[in-house]
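[1] structure, please.
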Amino acid sequence: MRKKIRFRVKSQSSQYDNSGSLNVLPNDFVQAIGPFVFLRHIHYRGPRAVGTQLEILERPRPHRGIATITYILAGEVEHGDSIGNHVTLGASGVHWMKTGNGVICDQSIRPEFGLPDVSVVEIWINLPSGRKAEGPDYVSLLPDDVPTQQLDHGAGWIRVLSGEIEGNMAKAPNYSGEVLCHIHLEPGRKFLMKARKGVDYAAFLLANTAIVNYRGFQAGDLVAFNSLGEIIEIINDGGMTIDVILFGGEPYSEGIVAEGSFVMNTPHEITQAYNDYYDGKYGQVFQ
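    Have a look, this model is predicted:
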């Protein structure tokens, strides 16, 4: 039985702001999908992306209580942080960071040489309360570090960014049993997956249209599933390839209090996060 659609956040081209940024989570329907509390797609094409000037993806600012994933589909992202990391990754690379008890992060985006398009997905995963008290950590994943499985009959491929899907285990640390993958489908092909019980799932369409569990959706749509059913089916019924970010995890059972890039369990912890930042406990970024 295919999973029922819980809700959709319908895309509109006007939702992308002047920087080509579309925030899809949180939204008017839900604060989180499992432990996922933030999803943003930055996408622009053509002459406006050409040049060497870096554009800000994440200004130097404090983070606490989350793991962040910056997944690069096109372009380059330069990452710097207050624990000494300074890494630039290109297409298919992943910047993963556990912000833990506080870190300052700085990320800038630019097109790759000779390739003007930029497409970057930024995701925040809420850490369990015990992990929020741990020190920050950072992992950079090159394209070859991300498990990639070719689908049968040349249908496309799936890249596992977090957790385990279809026997493929991501190399990034995983603290909440979450799953996150990028599905690429050729025209006329489909992807079928049996969902885990007790897990909230959602799909974000990056490009073109698709049929998801019998219903049609378009690029920019966020599709959330309810607990009924067990099959997730994505069909590319168009004439162009499609790309989908599929993610999910067990419902987050602790309180969620979010303010800026601090995501904690209580208002008091938010206050403490600010106090620690102003006391200089997060350090500073050197590049």
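[2] when you work out contacts or count neighbours from here on, use the C-alpha atoms and nothing else.
    Will do.
[3] got any ranges where this structure has weak pLDDT?
    Within the chain, the segments meeting pLDDT under 70 span 11-19, 46-58, 114, 287.
[4] now do the SS call for the residue nearest to the spatial centre of it.
    Centroid check for the chain by Cα atoms, centre = their mean gives Ile123 as the closest residue, at 3.1 Å. When classified by DSSP: H, G, I helix; E, B strand; the rest coil, Ile123 comes out as strand.
[5] show me what it is bridged to.
    Judged by DSSP bridges, the bridge partners of Ile123 are Leu39, Ile69.
[6] run me through the strand neighbours of whichever strand or helix holds Gln149, direction for each.
    In this structure, Gln149 sits in strand 148-150 according to DSSP states H and E. Using DSSP bridges, the strands paired with strand 148-150 in its sheet are strand 156-162 (antiparallel).
[7] following the partner strand, which helix or strand shows up next?
    strand 164-165.
[8] list the strands paired with that next one, with their directions.
    strand 168-169 (antiparallel).
[9] contacts for the strand it pairs with, please.
    Strand 168-169 is touched from outside by Pro147, Thr148, Gln149, Val160, Ser162, Gly163, with contacts defined as Cα atoms under 8 Å, 6 or more residues apart in numbering.
[10] just how off-centre is it within its chain?
    17 Å (Cα atoms, centre = their mean, to the nearest Å).
[11] for the lengthiest helix in the chain, packing partners?
    Longest helix in the chain by number of residues (criterion: DSSP state H): helix 267-278. Packed against helix 267-278 by the contact rule (3 or more Cα pairs under 8 Å, 6 or more residues apart in numbering; DSSP states H and E) you find strand 257-259, strand 262-264.
[12] can you tell me what sits against the first one?
    The one in question is strand 257-259. Residues outside strand 257-259 that contact it (Cα under 8 Å, 6+ apart) are Val263, Met264, Asn265, Thr266, Pro267, Ile270.
[13] for the last one, give me its contacts.
    So that's Ile270. Contact partners of Ile270, counting by Cα under 8 Å, 6+ apart, are Val257, Ala258, Glu259, Phe262, Val263, Met264.
[14] turn those residues into JSON lines, columns for distance to Lys194.
    Formatted as JSON lines, these follow (distance: Cα to Cα, whole Å):
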{"residue": "Val257", "distance to Lys194": "32"}
{"residue": "Ala258", "distance to Lys194": "32"}
{"residue": "Glu259", "distance to Lys194": "35"}
{"residue": "Phe262", "distance to Lys194": "34"}
{"residue": "Val263", "distance to Lys194": "31"}
{"residue": "Met264", "distance to Lys194": "32"}
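[15] buried ones from these, can you make that a ChimeraX selection?
    Buried residues within the contacts of Ile270, by 16 or more other Cα atoms under 10 Å, are selected in ChimeraX with:
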select :258,262,263,264
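[16] in contact with Arg40, which residues?
    Counting by Cα under 8 Å, 6+ apart, Arg40 makes contact with Ser21, Leu22, Asn23, Val24, Leu25, Val121, Glu122, Ile123.
[17] what sits closest to it if chain neighbours are left out?
    Nearest non-adjacent residue to Arg40, counting by Cα to Cα, 6 or more residues apart in numbering: Asn23, 4.4 Å away.
[18] now do the SS call for that neighbour.
    Asn23 falls in the strand class when you classify it by three-state DSSP.
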